[in-house]
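Asker: Return a 3D structure for these sequence lines:
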Amino acid sequence: MDDCIVSLIATPWGFWSLAYVVSRLLCPRRSKDFCNRLVSMLHVALSLLLCGISVRDWSHPLDGIGGPSTFPQMLALTVSLAYFIYDSICCLVELPFKLEDQIHHAITIMGLAYGYLLGSCGTELVACLMLMELSNPFMHARELLKELNLKDTSYSFLNDVCFALVFTFARMIVGPFVVFFTVQADGSPAVKVGAVGIQLVSILWFWRIARMVLYKLKKRNLKPKSS
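Answerer: Below is the predicted model:
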């Protein structure tokens, strides 16, 4: 059983590692962080696709909360768990160490691994994963645009606005409903605590993102207009 679990995680982990190697070969002049974020963008697309497929009924997306995980939900959890293991190792080996990123990775890996091993609570875990990934393309795009020397352009400003709007919708509007139903359901206490914890962290990030957008707006308004 243990060998089977290791094999199931190792296969998609190898895929993400290979994707990073390919990105380095295709973009030899770009930084390691740039290439890793390209892999992260790929994960966002695949993760959202798998999470979307795993929803049994979009008119009642939280049906089955607290219950056994379905095969599509387990697949979504496995692929993302392998990605976060890869990303954690990549950030340690290839990129400058950032304590905040490693803590975030550790918490995410523990949550996904717990749900994977438990074989239940797939509905709420997939919902949480989907909400987390919705705003990530814009977050990664911020760093990609910086390396492409497009930091102070209209593209960067529009991306930051979209990042703030999508994050607010996913984490501050939809997120609390998911947390409420997760806490109310007859699911794992650990998953409930994790859901509350993620929501609290989201509130902190929301404050930081709001400050960033306000700063960008102020900077944009003060920028002298060309004659």
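Asker: most residues in a single helix of this structure, which one?
Answerer: Under DSSP state H, the helix in the chain containing the largest number of residues is helix 189-222.
Asker: which residues of the protein score low on pLDDT?
Answerer: By pLDDT under 70, the low-scoring segments of the chain are 1-10, 222-227.
Asker: That one: helices as residue ranges?
Answerer: 2-26, 32-54, 71-93, 99-118, 122-134, 136-147, 154-167, 175-184, 189-222.
Asker: Show residues contacting the shortest one.
Answerer: What that stands for is helix 175-184. Applying C-beta atoms under 8 Å, 6 or more residues apart in numbering, the external contacts of helix 175-184 come out as 62, 65-66, 124, 127-128, 131, 191-192, 195-196, 198-199, 202. Where C-beta positions appear, they are placed from N, C-alpha and C, glycine not excepted.
Asker: Only whichever of these are buried, select them in ChimeraX.
Answerer: Applying 16 or more other C-beta atoms under 10 Å to these leaves a buried subset, and the ChimeraX line that selects it is:
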select :62,65,66,124,127,128,131,191,192,195,198,199,202
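Asker: related to what we said a few turns ago, need the winner for burial among the helices of the chain.
Answerer: Most buried of these, by mean neighbour count (mean count of other C-beta atoms under 10 Å): helix 122-134, with a mean of 24.
Asker: chain center to that helix, what's the gap?
Answerer: For helix 122-134, the separation from the chain centroid amounts to 9 Å (computed by C-alpha atoms, centre = their mean, to the nearest Å).
Asker: For the remainder of this discussion, apply numbering that starts at 46.
Answerer: Okay, using 46 as the starting number, the last item reads as helix 167-179.
Asker: Contacts only, for the residue nearest the centre of the chain.
Answerer: Centrality entry for the chain: nearest residue to the mean C-alpha point is residue 178, 3.7 Å, by C-alpha atoms, centre = their mean. Residues in contact with residue 178 (C-beta under 8 Å, 6+ apart) are 88, 89, 92, 93, 96.
Asker: ok now do the second one, which residues does it touch?
Answerer: Residue 89 makes contact with 178, 181, 182, 185, according to C-beta under 8 Å, 6+ apart.
Asker: please redo it, this time with the cut-off set to 6 Å
Answerer: 178, 181, 182 (C-beta atoms under 6 Å, 6 or more residues apart in numbering).
Asker: How about the last one?
Answerer: By C-beta under 6 Å, 6+ apart, residue 96 lies in contact with 121, 171, 174, 175.
Asker: The second one against residue 98, yeah?
Answerer: No. When contacts are counted by C-beta atoms under 6 Å, residue 171 is not listed as touching residue 98 (9.9 Å).
Asker: Tell me which residues touch residue 87, please.
Answerer: residue 64.
Asker: oh, I was asking about residue 156
Answerer: Residues counted as contacts of residue 156 (C-beta under 6 Å, 6+ apart) are residue 239.
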